[in-house]
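Trainee: coordinates only, sequence not included:
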């Protein structure tokens, strides 16, 4: 009689645990899908994601290039060259 009760408790615990995991994973999928849908709607309003929903890498690169000033390129190259020269002279 004791083994039957122990087996019944084990099965109840297993079903409760599996049910909890199933509900949690279902909520996780719903929440992730909802966040993805919201981000796609927001980005379509901004105009960075095309109508098919798949952004191309060049979309983001072009947007970055339009905003980047090109006047500091020579100064950055000089600073990086000096840093590399100093690093190599330590060895």
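Mentor: Structure's in. What do you need? Since the structure is predicted, the reported quantities are computational estimates derived from the model, not experimental observations.
Trainee: going forward, measure contacts and count neighbours with C-alpha atoms only.
Mentor: OK.
Trainee: Which secondary structure element of the protein has the lowest mean pLDDT?
Mentor: Ranking every helix and strand in the chain by mean pLDDT, DSSP states H and E puts helix 57-67 at the bottom, with a mean of 55.
Trainee: Give me the buried positions along the next helix-or-strand element following it.
Mentor: Remark: after helix 57-67, the chain's next helix or strand is helix 73-90, criterion DSSP states H and E. Residues of helix 73-90 classed as buried by neighbour count (16 or more other Cα atoms under 10 Å): none.
Trainee: How far off centre is the top helix by length along the chain?
Mentor: Longest helix in the chain by number of residues (criterion: DSSP state H): helix 2-46. Here helix 2-46 is found 21 Å from its chain centre; the criterion is Cα atoms, centre = their mean, to the nearest Å.
Trainee: swap in stretch 32-50?
Mentor: 14 Å.
Trainee: now stretch 72-84
Mentor: 33 Å.
Trainee: same question for that stretch, mean pLDDT?
Mentor: Here stretch 72-84 scores 86 as its mean pLDDT.
Trainee: And for stretch 20-30?
Mentor: 98.
Trainee: go on, stretch 6-16?
Mentor: 95.
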